[in-house]
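Enquirer: what's the 3D shape of this:
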Amino acid sequence: MLGRYNAELTIMVHDDEHYAYFKISGDFDPAEITARVGVQPSESWKRGDICPKRQVERTFSRWRLNSRLGRDQALEEHVRDVLAQLGVNPEGFRTLSSEFAGCMQLVGLFREGYPRLHFD
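Expert: Got it, this is the predicted structure:
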């Protein structure tokens, strides 16, 4: 005979998360990029390095500068933080952006309600 099982369903609602970063990708030595701009990357790798998660050789180099804020901060604040870091050497980052198609990535993980974003 099967007994009855009463369980409480727990629904976890996670807060929205936001972050931003500047990146360049291509065929270069990340150490040279760091030397050119005078800023340490948050993450970098060189073409040919082994990706630790997938254990395959990387097919391109990347140099990335993340926002230093927690993901609970507003996306606008993350953008300001990355721009402040780029402001240490604006001409160097402008040149890199032109040379390697630099890109600012804005990420919003909206878990409740409609996505909302406003820039002043």
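Enquirer: so which elements touch the least confident helix or strand in the chain by mean pLDDT?
Expert: The helix or strand of the chain with the poorest confidence is strand 103-109; it has a mean of 89 (mean pLDDT, DSSP states H and E). Packing contacts for strand 103-109, counted by 3 or more C-beta pairs under 8 Å, 6 or more residues apart in numbering; DSSP states H and E, involve strand 17-26, helix 75-86. In this view, the C-beta of every residue, glycine as well, is placed from N, C-alpha and C.
Enquirer: quick one: buried residues of it?
Expert: Leu106 (16 or more other C-beta atoms under 10 Å).
Enquirer: follow-up on the earlier one: for Thr34, find the nearest of the helices and strands packed on strand 103-109.
Expert: Closest approach to Thr34 among the helices and strands packed on strand 103-109 (C-beta to C-beta): strand 17-26, 11.5 Å.
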